[in-house]
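*Asks:* Here is my input; please provide its structure:
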Amino acid sequence: MTDEPDCRLFRPGAESYHGKQGFDYASGITAESAGATGICMHLLTIPPGGRAKAHLHARHETAIYMLSGVSEMYYGPRLERHMIVKAGEMLYIPAGMPHLPMNRGPEPAVAVIARTDPNEQESVVLLPELEALAPE
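*Replies:* This next block holds a predicted model:
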């Protein structure tokens, strides 16, 4: 047996975990699952009415591709900015940017999420002091 890296196939939905942000993620590519050293990738479904906790990812960037549905995000130092992300669109969140995603629509919002943190949850910093700043 060798310790050399090898290609791995993952099928979303086989396993999931509850993230600090308040959402359930379909487990994907991480340091733990694939031996990744610089990236993680997961599938996220935000149910209608779903809302994350205000948070940021310290030292790590996030790239998101919306597969289906519509999601909203409040972001900025005081969550003062607002963005709507629709199916087929891509979103970039720089490291250290406070944000709070939600789904106020009637359909689930499904997205592929990639981060430069192979351990994914290690860089999550919750910001409870910002929770009340984003509308319900």
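
*Asks:* Toward the C-terminus, what is the element adjacent to the least confident helix or strand in the chain by mean pLDDT?
*Replies:* Here the helix or strand of the chain ranked lowest by mean pLDDT, DSSP states H and E is strand 16-18, holding a mean of 70. If you walk from strand 16-18 toward the C-terminus, the next helix or strand you reach (DSSP states H and E) is strand 24-29.

*Asks:* Report the backbone C-alpha coordinates of the following helix or strand past that following strand in PDB.
*Replies:* For strand 24-29, the following helix or strand on the C-terminal side (DSSP H and E) is helix 31-34. Extracted as PDB, the C-alpha positions of helix 31-34 are listed here (Å, rounded to 0.1, in the frame of the first residue of the first chain):
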ATOM      1  CA  ALA A  31      -8.900  17.100   4.300                       C
ATOM      2  CA  GLU A  32     -10.700  14.300   6.300                       C
ATOM      3  CA  SER A  33     -12.500  12.700   3.400                       C
ATOM      4  CA  ALA A  34     -10.000  13.000   0.500                       C
END
